[in-house]
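Q: this one's sequence-less:
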């Protein structure tokens, strides 16, 4: 080779390297994946087609399971809306920072209610690393301006702050309980609310598909109030129970909106560049909405499996197995560290996360269980799962119960008396964990307390009602559950359909009926 030929060859190699023709991947660092986090509200364990639902098709949710990993032992860290979301946003057991229960209506919420500013959210962590962040749906983590979504890491927000909302516009505006907001401004939304959340999520993808984004889509479906529109109701004419029919229509609407989000990702060629999570925030309140938790025992508000074991799916096409069913226990706390790992971001030990990165367990890089032990504390209930064994103390029975979930997923045979060694081991482990937790920073407020806007009742009728309320309130936690009140009466009094009755709700019920307090 002549000297001139050698020079030309060197120049050609340099040109190829500089222009990236030899390796496009070498010319630019790979873009991190988009992250989509979809949360259903009060959706029972059995309400997906892939998990046993036969009367309500959920093809789009099912597609996530068929093209991803479906966890049959997927848990949440509370059996109630707000505390589960606090754990989800932080990757930490929410009891560590005193977030143990719902706040109640905004007018009565304790001044301390909200996700503390000391606990960074997943949105704040991803935004600081260059992600565009958007949230469309139910917040339930703080009413004060400094605790609202746009102050907690979300560039865009369309939704509401409280625990429930109307789906159909009332008098020209949806949200008679609390306003629908765009950012921090109240707006009038005339579209069916589930459809509106799907619409906004699709618009966010269309706008930001050229940059890595974090899309948080926490539907309020299928939480009460049960409201549906004709285009969904007509699909279920064969269902004769009106409550079940309305629930089915609401579930179908959510599934359709999820389908539109998946279509938007496909339209922009983002399926293999998007990590998708789907969970429910707690178990279904079956007596109120028909949301089924079978074959599990228990409901929303309980630490039996029906209150805390939920639909749980992860899809990342081209990166995670498709159609895999995994029975290893995982929890919603794992979503933050898993998302951070997918984004190539380091998790500092200083964050003191309780969740773990699930990616190496799903790829086969790691074997074994992601968690040796999972823990729960919810007011006067507590539970622990270690391997196949679960100890649970319920609201109505102070005696701890012990179940082997591998043999008894329905928690029907209490083995506490037969397995005293296991019972003690789990009791001691839970007690040790409990010493690390903060005391609850608030309780669900009502008219008996002096929360924001709280009112005091007076007079002989009010005193009689309070006395009767305390008689029914066997555990003294200031609220009634279906286990403490006759079912029909409970359903009538539970105005916001959150699974508990407060003194305010009982008082309003009896005032409306103009009769003596509690029969």
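A: Right, received. Where do you want to start? This structure is a prediction, so every number in the text was calculated from the model and none was measured.
Q: any idea how far residue 504 lies from residue 195?
A: Distance, residue 504 to residue 195, by Cβ to Cβ, to the nearest Å: 32 Å. Just so you know, the C-beta spots here come from the backbone N, C-alpha and C atoms, and that holds for glycine as well.
Q: Looking at the two, which one has more neighbours?
A: Between residue 504 and residue 195, counting by other Cβ atoms under 10 Å, residue 504 is the more crowded of the two (22 against 19).
Q: residues of whatever helix or strand residue 276 lives in that come out buried?
A: Under the criterion of DSSP states H and E, residue 276 resides in strand 274-280. Judged by neighbour count (16 or more other Cβ atoms under 10 Å), strand 274-280 contains these buried residues: 274, 275, 276, 277, 278, 279, 280.
Q: Identify, from those residues, the entry nearest to residue 290.
A: residue 280 (14.8 Å; Cβ to Cβ).
Q: quick one, what contacts the closest one?
A: By Cβ atoms under 8 Å, 6 or more residues apart in numbering, the contact set of residue 280 is 39, 40, 41, 42, 43, 44, 76, 310, 311.
Q: Bridged to it, which residues?
A: Bridge pairing for residue 280 (DSSP bridges) gives the partners residue 40.
Q: returning to what we had before: can you list the contacts of residue 280 in TSV and add distance to residue 225, pLDDT and neighbour count?
A: Output for the contacts of residue 280, formatted as TSV (distance: Cβ to Cβ, whole Å; pLDDT from 0 to 100; neighbours: other Cβ atoms under 10 Å):
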residue	distance to residue 225	pLDDT	neighbour count
39	19	98	25
40	16	98	29
41	12	98	27
42	12	98	29
43	16	97	32
44	17	96	32
76	23	98	27
310	22	98	32
311	22	98	24
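Q: Farthest pair within those?
A: Every pair of the contacts of residue 280 checked by Cβ to Cβ; the farthest is 39 and 44, at 14.3 Å.
Q: list the contacts for the residue most central in space within the chain?
A: The centre of the chain sits closest to residue 281, judged by Cα atoms, centre = their mean, with a distance of 2.8 Å. Contact analysis of residue 281 by Cβ under 8 Å, 6+ apart lists 39, 40, 41, 42, 76, 81, 84, 85, 88, 218, 310.
Q: Check residue 402 too.
A: Going by Cβ under 8 Å, 6+ apart, the list of residues near residue 402 reads 389, 390, 391, 414, 415, 416, 419, 422, 423, 426.
Q: List the buried residues of the helix or strand containing it.
A: Residue 402 belongs to strand 401-404 when elements are defined using DSSP H and E. Within strand 401-404, the residues that count as buried by 16+ other Cβ under 10 Å are 401, 402, 403, 404.
Q: which among those residues gets closest to residue 484?
A: residue 401 (18.5 Å).
Q: what's the distance between that closest one and residue 298?
A: Residue 401 is 11 Å from residue 298, by Cβ to Cβ.
Q: joint contacts of these two?
A: By Cβ under 8 Å, 6+ apart, the residues touching both residue 401 and residue 298 are residue 411.
Q: any idea how this protein splits into domains?
A: 34-363, 380-434, 459-513 (automatic domain parsing).
Q: Give me the neighbour count for residue 250.
A: So residue 250, with other Cβ under 10 Å, has 31 neighbours.
Q: which SS class is it?
A: Under the three-state scheme (DSSP: H, G, I helix; E, B strand; the rest coil), residue 250 adopts helix.
Q: I'd like the distance from it to residue 243, if you could.
A: 11 Å.
Q: cool, residue 112 as well?
A: 36 Å.
Q: With residue 443 instead?
A: Distance from residue 443 to residue 243, by Cβ to Cβ: 30 Å.
Q: Check residue 387 too.
A: 38 Å.
Q: cool, and residue 394?
A: The value you get for residue 394 to residue 243, if Cβ to Cβ is used, is 26 Å.
Q: now the helices for the stretch 201-350 of the chain?
A: 230-233, 242-267, 286-289, 305-308, 335-342 (DSSP state H, counting those that start in this stretch).
Q: so of those helices, which one's packed in deepest?
A: helix 305-308 (a mean of 30; mean count of other Cβ atoms under 10 Å).
Q: Please consider this matter closed, and thank you.
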